[in-house]
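Q: Return atomic coordinates for the entry below.
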Amino acid sequence: QDTKDGTRESAYFHTIQANGPSNTTPTPVLHNYGSSKDVLTLPDDLVKDYTVCKVVELKERCRKRGLPISGVKAAILERVQKDVEEQIKKLKEEHKAKSLSKFQQAPNDVTKYLEELVCEYLKASGGVASSRDVGRYLAANSASKQTGRRETALAELKRTFGGLSAFLNLREDVFERQPGEGLANDYSFQIALKQNAAKLR
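A: You can find the predicted model right below:
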């Protein structure tokens, strides 16, 4: 599952896309983090289940994408799915590049402060905590002194990076995301300190 992907009123709701096995079409997965600013929204044609399409529909897709239309259904389907995967990969790379640009423009002191806050909470929680709890902890703490604004650390993080999701994506050397263990309608996920990072702190 690729955690790197609609928006609801929840401060932690975020939509990402996950690549399924190579023989399936990627399907949307919902996670309860980030904000609408760091959402990567894929167009309908990239989340469509092409396995249920008829040959004529698959060929039409190939024509639109400039792909060969020859071969049996299985070969055409594989061609379409490979093209979809390549399109999604390109969109994700572009999205990550934009997020990285934001990160590079963020003041070092702000980045360090937010990272230390998250690390502080994870350590106090035994190294792992839910995205909801991390968000609440950030909301309970004030922003860094560098901003000169009266706001919470969560508001500062969202203003600077777009959301918790984008921040974690750019600090993959320190944090890792794990699937949530809540109910089916609980879109939160677990955040953990990577072992090497934990030893250095």
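
Q: List the contacts of residue 77.
A: 50-51, 53, 58 (C-beta atoms under 8 Å, 6 or more residues apart in numbering). For every residue, glycine as well, the C-beta is placed using N, CA and C.

Q: so which of the residues you listed comes closest to residue 179?
A: residue 51 (24.4 Å; C-beta to C-beta).

Q: what about that closest one, how many neighbours?
A: Residue 51 has 12 neighbouring residues, counting by other C-beta atoms under 10 Å.

Q: Let me know the secondary structure of it.
A: helix (DSSP: H, G, I helix; E, B strand; the rest coil).

Q: what does the one 5 residues further on give?
A: Residue 56 carries the three-state label helix when classified by three-state DSSP.

Q: what pLDDT does it get?
A: Per-residue confidence (pLDDT) for residue 56: 96.

Q: Give me the below-cutoff pLDDT ranges for this protein.
A: The chain contains residues with pLDDT under 70 at 1-39, 99-106, 146-149, 180-187, 196-201.

Q: now the strands for it?
A: Along the chain, the segments classed as strands by DSSP state E run 14-18, 27-31, 128-130, 175-178, 190-193.

Q: Quick check: residue 192 vs residue 133, distance?
A: 13 Å (C-beta to C-beta, to the nearest Å).

Q: With residue 50 instead?
A: For residue 50, the distance to residue 133 - C-beta to C-beta - is 39 Å.

Q: which one of these two has more residues nearby?
A: residue 50 (18 against 15).
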